[in-house]
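**Q** sequence-free structure coming up:
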């Protein structure tokens, strides 16, 4: 199985329209729809068919189709403070998700929890409570089976509910259809040692260390690039934070394949310039040909005509030029590359304006488009082009992929195309396999004499990730979707320093992922990891050998659940049981009115671990129902002998089918099915990675954010 086979599978599943059987069919359909005349249609077909420029997925899916649909990838939906405004926003998000878009939601307009709602005598429940409403609506809308809903919820750092917001996803699985980010100001960063600011900043740092959330938006850094300050502040963002928007604006994206600019081992600046100009014209036309889900989105988008031309294959380009990602030479080259890209893109937008007019919201800006560049995630489209994603480094150079044919599983060892070129006709190729440490021992004359350039995301120092992002950000008038990858032993102090450095260097935002900090996102770049076994005999031993420490199956992206209220001596208990395939899977518990929350959480999580590990339900219940608490003895206003006993009763009431066997056959082996060292993609089952600010699958292109 090669990358062309994988790309073909994705195209069949998500992109082909009736009668289409090839990438050229898609390219022709898109070019004919977006092109304004025969010359432009030929030009657009040429670059798309060659995969030199690829527009965002909604354009590939919807352009020129009978059913129509939006060509935009993401939208900004304002959320007001009244119930009417909030549910209008929920409806707008549903319509957008239905057409395949993602939504950014600024929640800072919603008044704080506990605030009085004037004229009603009621109390506001705050922004976090309404996030659950948006989350549930998103779960319901499956976006035509092609793209799931994705939301970015962000809140100003000085909002009274910021502490609740920062921790709203601390339990993995909560608000699964949301990314969350905090809007941090220069004033806050200049005063992070003040007691209240320090407490908030510590919570942000701890969240990033624990599970990568909340993300960070440096709002003043973004505002300094606001091309239209007379129209207001940039209050909103999209799901991966690569665009900052006014309310109701949409982002229209396409990416240049940088590898297509390599000719005879040299980077051809003339071809790069040609692609930039074509990309700007294509995206500007896309605004006019777009089908907008709401009239206010069309009005806002056409007022500023913002476009987001980005890149993919940047890491591969560095390799092709014999540069190491993150070192000084690569930073100098990135500075030159993106300065050139910005200059040409601005110039082309100005030339279009001379013919078609400036954007309506312009106050002296000579360009056709208020912004021109954005480095967006390129999950699926970089798979089509067989290049690295966006400006991210590569995650691996040698890896395994499996396929089933006629009931037989076949596993193939795949080589990254640039790496394979470096090893072509070299005797070391067959012996390298997965041991990245052997790269340094290879000597080869010519283009790739220095094999140390083949670094992976985890090999690069986090500060060099940040430096690369900052260098490129200087020239990108929108923002950048990128992940700062950190090793598992990264400390909270390390992350604190990364955040401060990113702010000082002028980044508009930051997304941090510490290896192993999420159950459902594990970078599979461990060169010594054994292949995943569908039915490991000893999963504990296997997890320890591979160094992952992960032995439990993942919690699904969505699942059925029930919540029961019970009374105990620890106050009112709210017990939520998540169900997978008819069995209890996850246990969450909250209490009000006394008792030790930490102990209750521990009992709930250990119970869930037993259930997910495969311990028979009757054995789990036997343990829980056998616990008696002195505080509950003789009490008539409680619902069990202990909190543990109450949890067991709730599970038994909702899952009554499994009875305790009268006699155990100890010779019967209990088979436990787990996935270790990585968590499978919900679409294809391969290992997910965390890249470009989102959970993505390098195999099939599935993304949590699209």
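**A** Sure thing, it's come through. Keep in mind it's a predicted model, so treat the numbers as computed, not measured. Numbers count the residues shown, from 1 in each chain.
**Q** Before we go further, residue 173 is sitting in a helix, right?
**A** No - under DSSP: H, G, I helix; E, B strand; the rest coil, residue 173 sits outside any helix and is assigned coil.
**Q** Just give the number of residues close to it.
**A** 18 (other Cβ atoms under 10 Å). In this view, the C-beta of every residue, glycine as well, is placed from N, C-alpha and C.
**Q** Just confirm it contacts residue 586, I think it does.
**A** Yes - under the criterion of Cβ atoms under 8 Å, residue 173 makes contact with residue 586 at 6.7 Å.
**Q** Do me a favour and average the pLDDT over the lengthiest helix in the chain.
**A** Determined from DSSP state H, the single longest helix within the chain is helix 328-356. Average pLDDT, helix 328-356: 98.
**Q** Can you give the distance from it to the centre of its chain?
**A** 27 Å (Cα atoms, centre = their mean, to the nearest Å).
**Q** can you check stretch 17-32 too?
**A** 28 Å.
**Q** Please apply the same query to stretch 568-579.
**A** With Cα atoms, centre = their mean, you get 32 Å for stretch 568-579.
**Q** And for stretch 639-656?
**A** 37 Å.
**Q** For that stretch, buried residues please.
**A** Neighbour-count burial for stretch 639-656, counted by 16 or more other Cβ atoms under 10 Å, picks out 639-652, 655.
**Q** and if you look at stretch 327-347?
**A** Residues 327, 330-331, 333-334, 337-338, 341-342, 344-347 are the ones in stretch 327-347 that count as buried (16+ other Cβ under 10 Å).
**Q** can you list contacts of that stretch?
**A** Stretch 327-347 is contacted from outside by 269, 272-273, 276-277, 279-280, 309, 311, 314, 318, 321, 323-324, 367, 372-373, 391, 464, 467-468, 471-472, 474-477, using Cβ atoms under 8 Å, 6 or more residues apart in numbering.
**Q** mind redoing it with 6 Å?
**A** 273, 276, 280, 318, 323, 372-373, 471-472, 475 (Cβ atoms under 6 Å, 6 or more residues apart in numbering).
**Q** do stretch 477-488 as well
**A** Contacts of stretch 477-488 (Cβ under 6 Å, 6+ apart): 225, 240-243, 308, 371, 373-377, 457-458, 462, 465-466, 469, 473, 508-509, 511-516, 690-693.
**Q** Now do that stretch, average pLDDT.
**A** 93.
**Q** And stretch 188-196, by the same measure?
**A** Stretch 188-196 comes out at a mean pLDDT of 96.
**Q** out of the buried residues of stretch 639-656, who's nearest residue 36?
**A** Closest approach to residue 36 among the buried residues of stretch 639-656 (Cβ to Cβ): residue 655, at 61.0 Å.
**Q** quick one: the closest one from residue 56, how far?
**A** As judged by Cβ to Cβ, to the nearest Å, residue 655 and residue 56 stand 44 Å apart.
**Q** what's the burial count for the residue nearest to residue 315 when sequence neighbours are not counted?
**A** Computed as Cβ to Cβ, 6 or more residues apart in numbering, the closest residue to residue 315 that is not its neighbour in sequence is residue 388, at 4.0 Å. Neighbours of residue 388 under the rule other Cβ under 10 Å: 27.
**Q** what's the helix or strand for residue 388?
**A** Residue 388 belongs to no helix or strand when elements are defined using DSSP states H and E.
**Q** and it, what does it touch?
**A** 313, 315-316, 394.
**Q** List the ones among those that fall in helices.
**A** Counted as lying in helices by DSSP H, out of the contacts of residue 388, are 315-316.
**Q** wait, which of the contacts of residue 388 is closest to residue 65?
**A** Distance to residue 65 across these (Cβ to Cβ) is lowest for residue 313, with 27.8 Å.
**Q** What is the burial count for that closest one?
**A** Considering only other Cβ under 10 Å, residue 313 is surrounded by 28 other residues.
**Q** From residue 323, how far out is the residue lying closest to it once chain neighbours are set aside?
**A** In this structure, residue 313 finds its nearest non-sequential neighbour in residue 387, 3.4 Å apart by Cβ to Cβ, 6+ apart. Using Cβ to Cβ, we find residue 387 at a distance of 16 Å from residue 323.
**Q** With neighbour numbers in mind, choose between the two.
**A** Remark: of residue 387 and residue 323, residue 387 carries more neighbours, 28 against 20, as counted by other Cβ under 10 Å.
**Q** I figured the residue nearest to residue 313 hits residue 316, correct?
**A** Yes - Residue 387 lies in contact with residue 316 (Cβ atoms under 6 Å); the separation is 5.0 Å.
**Q** Can you check which residues contact both of these two?
**A** With Cβ under 6 Å, 6+ apart, residue 387 and residue 316 have common neighbours residue 259.
**Q** any idea how far the residue nearest to residue 313 lies from residue 420?
**A** Distance from residue 387 to residue 420, by Cβ to Cβ: 14 Å.
**Q** any chance you could map the strands in the stretch 601-706 of the chain?
**A** In the stretch 601-706 of the chain, the segments counted as strands under DSSP state E, counting those that start in this stretch are 689-691, 694-696.
**Q** cool, and the stretch 151-300 of the chain?
**A** Under DSSP E, counting those that start in this stretch, the stretch 151-300 of the chain gives strands at 151-156, 178-184, 215-218, 236-237, 244-245, 250-251, 253-257, 262-263, 266-267.
**Q** Pull out the buried positions in the first one.
**A** This means strand 151-156. 151-156.
**Q** Taking their axis directions, it and strand 178-184 sit at what angle?
**A** 20 degrees (axes from the mean of the first three to the mean of the last three Cα atoms, to 10 degrees).
**Q** which strands and helices sit next to strand 151-156?
**A** In terms of contacts (3 or more Cβ pairs under 6 Å, 6 or more residues apart in numbering; DSSP states H and E), strand 151-156 is packed against strand 102-106, helix 127-140, strand 178-184.
**Q** Quick check: can you name the pairing partners of that strand and their directions?
**A** strand 102-106 (parallel), strand 178-184 (parallel) (DSSP bridges).
**Q** Please work out the average pLDDT along it.
**A** Strand 151-156 comes out with an average pLDDT of 95.
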